[in-house]
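Student: This is a predicted model, with the sequence first.
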Amino acid sequence: DTEVTQTPKHLVMGMTNKKSLKCEQHMGHRAMYWYKQKAKKPPELMFVYSYEKLSINESVPSRFSPECPNSSLLNLHLHALQPEDSALYLCASSLDGYGYTFGSGTRLTVV
Amino acid sequence: KNEVEQSPQNLTAQEGEFITINCSYSVGISALHWLQQHPGGGIVSLFMLSSGKKKHGRLIATINIQEKHSSLHITASHPRDSAVYICAVRSLSGGNNRLAFGKGNQVVVIP
């Protein structure tokens, strides 16, 4: 298995909703990442988990809450989002910073 | 000034033409990635380079560490090559799990 699988592919949520994005990989990668990408812009790093511990939080608002239940799974819990949070959310994994594999993303729309 | 600069920003080619896109960076790096993103889609990792040249199918990537420059060549271009190509570097000072991204090269191949 050489893929990073993200679900759902599309998500529409209201500003009072709570939802979660999921990411899964079975390549034995020990670093997992959440990126946010706005249209026509490069990805922006949000969080990094290394060996299941949060190692980087790029000053992301607390309405985004990451979780790494085990070495294969990464979640991003969403609560009280704003319309400007609408974006493509990409998950990626790597073998300790080399050989990145990206998922196909979750297209999030906040209404 | 961005650590990673890509040129040309936009490129249009006729099917079958040879395409070259460029990436220059200003920091010491341990690896450089070429990534492909189709409209509305996720990111696919094409190459990771730390020296020399790599080839995969019709794609060739080269890097000159001394000149801090990399090129991605597409031979016999096809409309399915239409995408944004993103250069990203793993800098020596940025830590193991950070990539610095360029703004991308938008490539359109016309049938």
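Tutor: Yes, it's here. Since we're looking at a predicted model, the values are computed, not measured.
Student: Do me a favour and get the end-to-end distance for stretch A:49-59?
Tutor: One end of stretch A:49-59 to the other measures 15 Å (Cα to Cα, to the nearest Å).
Student: buried ones in it?
Tutor: Along stretch A:49-59, these residues count as buried under the neighbour rule (16 or more other Cβ atoms under 10 Å in any protein chain shown): A:49-50, A:56. (Glycine included, C-beta is placed from N, CA and C.)
Student: neighbours around residue 98, how many?
Tutor: Defaulting to chain A. Here the count is done by other Cβ atoms under 10 Å in any protein chain shown, and residue A:98 has 15 residues near it.
Student: Not quite, go with chain B.
Tutor: By other Cβ under 10 Å, 17 other residues sit near residue B:98.
Student: Just give the closest residue to it, not the sequence neighbours.
Tutor: Nearest residue to residue B:98 in three dimensions, chain neighbours excluded: residue A:45, at 6.6 Å (Cβ to Cβ, 6 or more residues apart in numbering or on different chains).
Student: so who does the one you found touch?
Tutor: If a contact means Cβ atoms under 8 Å, 6 or more residues apart in numbering or on different chains, then residue A:45 has A:33-35, A:56, A:58, B:98-99 as its contacts.
Student: List, one by one, the residues from chain B near chain A.
Tutor: Residues of chain B lying close to chain A (Cβ under 8 Å from any Cβ of the partner chain) are B:31, B:33, B:35, B:40-45, B:48, B:86, B:88, B:90, B:95-99, B:101-104.
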